[in-house]
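K.L.:
Predicted model and sequence below, questions to follow.
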Amino acid sequence: MRKLPLFITNDDGIDSEGLLSLVRSLHRRGHPIVVLAPESEQSATGMKLTLKSNMRFVEREDLSKEIEIEGGPLLKMFSLDGSPCDCVIVGVEMVLKREKFMPMLCVSGINHGPNVSVDVLHSGTVSAAREASLYGMPSIAVSLATYQHKNFSQSIAAISRLIDACSVNMPEYLPNFLRPDGTKNMPTGKSTKDTIRSAFHNGDILLNLNIPEDWNGIYRTVGLGARWYRSATDSINSEGTGVAFEVGAATIDEEDIPDTDCNALNSGCASISPLGSWPSNHPLGVSDKILESASDEDNEGLPNWL
């Protein structure tokens, strides 16, 4: 199996257990890796960018030396005092060039907590993967969809299998990295399946993977579900400053809609949701028909176009 060079980031921070567990496992599996992750936790930052600020950039040799194995593939780890999207931009524009490293896939995670339904609009994990895809890099966001434990072993198994599946038809080089021809380089193919694969390789579609609290070993490739946050704000009386507010979900209601990420997770399955990288009315936005077809499964529950 071809071991794709990987660019890894997240929103939980460079020292998070999910990221370190992922890097350790993928390094031992033979993947060359460059990591650039936030210096501290940046959850729910969406596509925030840090403008006009001197962001601290540090090579974390302490982490890479603790993880790397003798004779293993390249492993470089860096942190940035910025958002997940900042990390992708600095990584693509500066670090990858400096290291003369060309990744074939961006992996963002492993996030601790679910990123399903409307979460994909707020999630720093998904936003980092989307930012990488805007640069023309195939991308996957991955989350352990529970707060009940931090055992990432099942999540690592799930993302490793998905990376292997991506490697089967991955081209020798990325066809649209840095978008040199703008909108002139469009996904192409003789069939719908070929066109979807081309859109993924071009960065016009990304994948959002969620692993349940106790995974049954089954994948489902599905659309997004409907999740509603009720009573999401609390007021806190603060002496001398009036009323302060805290944003957080008191209760979460999920609609039991078949063939959605929420439904799959509640059934013990890992959910894979193809997402359009661009707004639907952007020149590179994928059509509803293509996005719906992107959720067609193979006999393993993986996207059948991989």
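P.N.:
The structure has been received and is ready for your questions. Numbering: from 1, shown residues only.

K.L.:
Which helix or strand contains M77?
P.N.:
strand 75-80 (DSSP states H and E).

K.L.:
M170 is in contact with R2, isn't it?
P.N.:
Yes - between M170 and R2 there is a contact under CB atoms under 8 Å: 7.1 Å. (Each C-beta comes from the backbone N, C-alpha and C, glycine too.)

K.L.:
Quick check: longest helix in this structure by residues?
P.N.:
Looking across the chain with DSSP state H, the single longest helix is helix 153-168.

K.L.:
avg pLDDT for the next helix or strand after the strand holding M77?
P.N.:
Going down the chain from strand 75-80, the next helix or strand is helix 84-90, by DSSP H and E. What helix 84-90 shows for mean pLDDT is 97.

K.L.:
How about the residue sitting nearest the centre point of the chain, nearest residue that isn't a chain neighbour?
P.N.:
Nearest to the mean C-alpha position of the chain, by CA atoms, centre = their mean, lies A141 at 1.6 Å. Spatial nearest neighbour of A141, excluding adjacent residues (CB to CB, 6 or more residues apart in numbering): A129 at 4.0 Å.

K.L.:
With D62 as the reference, measure out to that neighbour.
P.N.:
Per CB to CB, to the nearest Å, A129 is found 26 Å from D62.

K.L.:
Neighbour count for those two, which is higher?
P.N.:
Higher neighbour count among A129 and D62: A129, with 33 against 10, using other CB atoms under 10 Å.

K.L.:
ok, now which ones touch the more buried one?
P.N.:
Residues in contact with A129 (CB atoms under 8 Å, 6 or more residues apart in numbering) are C106, V107, S108, S139, I140, A141, L206, L207, N208.

K.L.:
Kindly list the main-chain dihedrals of the first one?
P.N.:
In terms of degrees, to the nearest 10, the main-chain angles of C106 are phi -100, psi 130.

K.L.:
I'd like the distance between it and D62.
P.N.:
From C106 to D62 the distance is 24 Å (CB to CB).

K.L.:
average pLDDT across stretch 161-173?
P.N.:
Stretch 161-173 comes out at a mean pLDDT of 97.

K.L.:
So which bits of it are buried?
P.N.:
Of all the residues in stretch 161-173, those buried under the rule 16 or more other CB atoms under 10 Å are L162, I163, D164, A165, C166, S167, M170.

K.L.:
Any chance of TSV for these, columns distance to D296?
P.N.:
Conversion of the buried residues of stretch 161-173 to TSV gives the following (distance: CB to CB, whole Å):
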residue	distance to D296
L162	16
I163	20
D164	19
A165	14
C166	16
S167	20
M170	19
